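**Q** okay, here's the prediction I keep looking at, along with the sequence it came from:
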Amino acid sequence: MIGAEGEQLGVMTPQAALAKARETDLDLVEVAPTSRPPVCRIMDYSKFKYDQEKKEKEARKRQHIIKIKEVRYKATIEEHDYCTKLTHIKDFLQKGNKVKVSLRFRGREMAHQETGRALMQRVINDIIGVGEAEKPPSKEGHFLNMVLNPK
């Protein structure tokens, strides 16, 4: 049994512990039910719950959830379109998000996959100051994919 100020009150019967809690107008809360004998504490349970919720809310406020953004390229992309998408990638990385870069091969483009790999390598080289590749580009069906991490 633990008292309201944290002092040890010793081993008691459940009836005696309840009587002690009623004397102080507080609640009897079982803290460690699996120990032998079970440990109980006299406390204001509603205040305890309120403090717990406050701590959880503060912890949620501090954590940053990483989102994965996706940018899709084609193997035959024009220079201006490439630069625009590269700007979007850099913005996402600066905000702390991961970016999945996908390149889709259509029809006869499958015969010239080296152009797609060269484009992916160009993206990696262009984002060096802001991010880095998590792993090298990998082929999955008609797509060439890679994930970029912020620095």
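**A** Yes, it's here. Residues are numbered from 1 along each chain as shown.
**Q** the domain parsing of the chain - what is it?
**A** As assigned by automatic domain parsing, the chain contains the domains 14-61, 68-150.
**Q** can you put the ones you listed in JSON lines and add mean pLDDT, mean neighbour count and distance to residue 8?
**A** (Each C-beta comes from the backbone N, C-alpha and C, glycine too.) Listed next are these as JSON lines, based on pLDDT from 0 to 100; neighbours: other Cβ atoms under 10 Å; distance: least, Cβ to Cβ, whole Å:
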{"stretch": "domain 14-61", "mean pLDDT": "89", "mean neighbour count": "12", "distance to residue 8": "10"}
{"stretch": "domain 68-150", "mean pLDDT": "92", "mean neighbour count": "15", "distance to residue 8": "48"}
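**Q** tabulate those (a markdown table), appending distance to residue 2.
**A** Putting those into a markdown table (distance: least, Cβ to Cβ, whole Å) gives the following:
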| stretch | distance to residue 2 |
| --- | --- |
| domain 14-61 | 4 |
| domain 68-150 | 43 |
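**Q** mind listing the strands for this protein?
**A** Secondary structure of the chain, counting by DSSP state E: strands at 27-32, 39-43, 68-74, 98-104, 131-133, 138-140, 143-150.
**Q** what angle sits between the longest one and strand 98-104?
**A** Put plainly, it is strand 143-150. The directions of strand 143-150 and strand 98-104 differ by 160 degrees, with axes from the mean of the first three to the mean of the last three Cα atoms, to 10 degrees as the criterion.
**Q** about what we covered before: dump the strands of the chain into a markdown table; add distance to residue 50 as well.
**A** Putting those into a markdown table (distance: least, Cβ to Cβ, whole Å) gives the following:
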| stretch | distance to residue 50 |
| --- | --- |
| strand 27-32 | 13 |
| strand 39-43 | 12 |
| strand 68-74 | 36 |
| strand 98-104 | 36 |
| strand 131-133 | 42 |
| strand 138-140 | 50 |
| strand 143-150 | 37 |
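**Q** spatially central residue for this structure, please.
**A** residue 65 (4.4 Å; Cα atoms, centre = their mean).
**Q** tell me who's in contact with residue 68.
**A** With contacts defined as Cβ atoms under 8 Å, 6 or more residues apart in numbering, the neighbours of residue 68 are 97-100, 147.
**Q** show me the two of the residues you listed that sit farthest apart.
**A** Of all pairs drawn from those, the one with the largest separation by Cβ to Cβ is 97 and 147; the distance is 11.0 Å.
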